[in-house]
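Engineer: I'll drop the sequence and a predicted model, then ask my questions.
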Amino acid sequence: MINEFYNNFSIKIDTSACKSIIAGRDIKLNDIWYYSDQIFESGKIYGIVSEHGQGCEYLSYLLGGRVKFENVKVYCNGDLISQNDLNDVAFNLEPSCEPYGKKQVKKSIESALIKSQDKGDFSLIADKFLLTPERYDRKFIHLSGERWRAAAAFGYAQNKRIYFSPYKTSNFYYRMCQSCLLKALKELTKNGALVILPAGCDEFIKHIADEVIYLNRNYDIDNLRQFYDKQFGEKWIH
């Protein structure tokens, strides 16, 4: 099944079998996803937008193979796949969330290239992802504006196909793009990978994503208004 990811691929999330409204709170993510069918295509950067705690991070980690599917069904090019299938081909762009964060940049990439010789040598990778020589020997977690570029380079060297990330603010993405993050992300999508960027609003992400998905919560205002009118006799809900 993993071979499906090494050509053009499309991931479909089918929630039709889900019996509840929400996916349930994940203890590590502290996020709730309101089920919705979604389709993601390789070669694209996706911005996933919701309020913090309302699903954008949950969906990102689900695509990264870190969240149990429960009643959700996930397909790759029409074939049913498992959480492990996604986990095998996915890579977290945030080093502080992952064990690789404590590894040195150059040594890690060179080690990965032994199994992926078609990616070229370290100097080629460093050039593609704009890595700076004075930081080659640093650990991923000790990088600042360069750490997602370095992470992307490491994932690229391992031939990962899905790049996911934790929830970040618009300001974070803006600052990282000032450090040439978009160049690194475009190297990934040019290679046919899928990139997921969860954000709280679209004020910046819409300028760099190929597609933005909004996880809008539907609030039952009419029912809430009737409750307050009946309970307190006051029209407090506008």
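Structural biologist: That came through, no problem. Numbering: from 1, shown residues only.
Engineer: Count the neighbours of the residue nearest to Lys12 when sequence neighbours are not counted for me.
Structural biologist: Once flanking residues are discounted, Lys12 sits nearest to Tyr75: 4.4 Å by CB to CB, 6 or more residues apart in numbering. Just so you know, the C-beta spots here come from the backbone N, C-alpha and C atoms, and that holds for glycine as well. Tyr75 has 15 neighbours, counted by other CB atoms under 10 Å.
Engineer: May I ask you to confirm that Tyr75 belongs to a strand?
Structural biologist: Yes. Counting by DSSP: H, G, I helix; E, B strand; the rest coil, Tyr75 is found in a strand.
Engineer: where in this protein is pLDDT low?
Structural biologist: Scanning the chain for pLDDT under 70 picks out 1-2, 24-27.
Engineer: The residue nearest the centre of it and Glu4: what is the separation?
Structural biologist: For the chain, Phe164 is the residue whose C-alpha lies nearest the centre (CA atoms, centre = their mean; 2.5 Å). Distance, Phe164 to Glu4, using CB to CB, to the nearest Å: 18 Å.
Engineer: same question, Trp33
Structural biologist: 24 Å.
Engineer: Looking at the two, which is more packed in?
Structural biologist: The residue with more neighbours, out of Trp33 and Glu4, is Trp33; 26 against 19, by other CB under 10 Å.
Engineer: Based on its surroundings, how many neighbours for Asp127?
Structural biologist: For Asp127, using other CB under 10 Å, the count is 10.
Engineer: isn't there a strand covering it?
Structural biologist: No. Asp127 is assigned helix when assessed by three-state DSSP, not a strand.
Engineer: List the residues that contact the residue nearest to the centre of the chain.
Structural biologist: By CB atoms under 8 Å, 6 or more residues apart in numbering, Phe164 lies in contact with Ser60, Tyr61, Leu63, Gly64, Arg66, Ala90, Phe91, Asn92, Leu93, Ile196.
Engineer: Quick one: residues contacting the second one.
Structural biologist: By CB under 8 Å, 6+ apart, the residues touching Tyr61 are Asp26, Leu29, Val67, Phe164, Pro166.
Engineer: do the fourth one as well
Structural biologist: When the contact criterion is CB under 8 Å, 6+ apart, the partners of Gly64 are Leu86, Asn87, Ala90, Phe91, Asn92, Ile162, Phe164, Ile196.
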